[in-house]
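>>> What follows is a predicted structure for the sequence shown.
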Amino acid sequence: MNFIHAIILGIVQGLTEFIPVSSTAHLFITTYLLGLPSDNLAFSFNVIIQLGTVLAMLAFFWRDIWHIVQAFLLGIKDKKPFEDFYSRLGWLIIVASIPALIAGFLLQDFVKQMSADSLLWAGIRLLFTAILLFVVEYFDRKNRTLESATWLDALTVGLFQILAIFPGASRSGSTMTGAMFRGFDRPSAARFAFLMSAPILLAAGIYESIQVIALPNTTEFMPILMTGFVTSAIVGWMSIKWLLNYLRNNSLYLFSTYCLIVGIIVLVIR
């Protein structure tokens, strides 16, 4: 792997982490097309660029996150944990995180086995994402905002987030689908989905980063790892901004069609 590979993969991760087309699947595909081996460096690199997009999300939503943390702690202090909107949102994020945390722990060995044939699962998950996005867009009511979020909404998004632990799945697609299934309009569904997934992404990033540090020769490839990290963070921030603007006036059919076409191509050429 060289710096050009790092930039290309960083761009791919940044573009596809938040747009509902599966970043994992696209990293599988791009790595295959570039002819890169699946070794320790590839694992380390994928972890680091995913951490870059986590940083992009935290930076983009820092005001929301700051308000949530402040209100959450103040609500506990004043013994009124659910009175303020942001305090209530903090509790909803906790509820939404629990299902994926439990499922990720219980299914980690099974998920590793599925990753053995990454291209196959990338194609299958892309087709599944295409169907999911089409169905939720077709039946979506598009009339609720984030301020109306309830415990059932958070639990629903949390259960849909379980889908994202499998190889080739789209985390943003899964969580946005869960929110839209509950009747949220597209921008609110995206914002809800990103905030709900923040703890899971951060926890996974920290856990996997510890594994990366423990690998031999990691420091030797640090310039390449940092190149991918910075690239994915910058592109990821721009992708969030673009997606939220796009969803104000456009449907998910574009992403559904894209996932369908790419999924079929992957299954044909694998």
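Perfect, thanks for sending it.
>>> so where's the stretch 101-250 of the chain shaky on pLDDT?
For the stretch 101-250 of the chain, the stretches with pLDDT under 70 are 108, 110-118, 140-141, 167-169, 212, 214-219.
>>> all helices in the stretch 101-250 of the chain, in order from the N-terminus.
108-114, 118-139, 151-161, 171-181, 186-214, 222-247 (DSSP state H, counting those that start in this stretch).
>>> which one of the ones you listed lies closest to L74?
Ranking the helices of the stretch 101-250 of the chain by proximity to L74 (C-beta to C-beta) places helix 186-214 first, at 18.3 Å. For the C-beta atoms, the positions are set from N, CA and C on the backbone; glycine is no exception.
>>> Return the set of buried residues in the closest one.
Across helix 186-214, burial judged by 16 or more other C-beta atoms under 10 Å covers 186-201, 204-205, 208, 212.
>>> now L101, nearest residue through space, not along the chain?
I200 (6.8 Å; C-beta to C-beta, 6 or more residues apart in numbering).
>>> Thought A100 was touching the one you found, still the case?
Yes - the pair I200 / A100 is scored as a contact, 5.2 Å apart, by C-beta atoms under 8 Å.
>>> Please enumerate the shared neighbours of those two.
Common neighbours of I200 and A100 are listed as Q161 (criterion: C-beta atoms under 8 Å, 6 or more residues apart in numbering).
>>> burial of L252, as a residue count?
26 (other C-beta atoms under 10 Å).
>>> scratch that, G104 is what I was asking about
18.
>>> was I right about it contacting I165?
Yes - G104 is within contact range of I165, at 5.0 Å (criterion: C-beta under 8 Å).
>>> Name the residue most distant from the centre of the protein?
D78 (33.9 Å; C-alpha atoms, centre = their mean).
>>> Near the nearest residue to T177 once chain neighbours are set aside, how many other residues are there?
Using C-beta to C-beta, 6+ apart and skipping the chain neighbours, the partner closest in space to T177 is V136 (4.7 Å). Burial of V136 is recorded as 20 neighbouring residues (other C-beta under 10 Å).
>>> Spatially, what comes nearest to the spatially most central residue of the chain if we skip its sequence neighbours?
For the chain, the residue nearest the mean C-alpha position is R171 (3.8 Å; C-alpha atoms, centre = their mean). Leaving aside its sequence neighbours, R171 sits nearest to A164 (C-beta to C-beta, 6+ apart; 3.7 Å).
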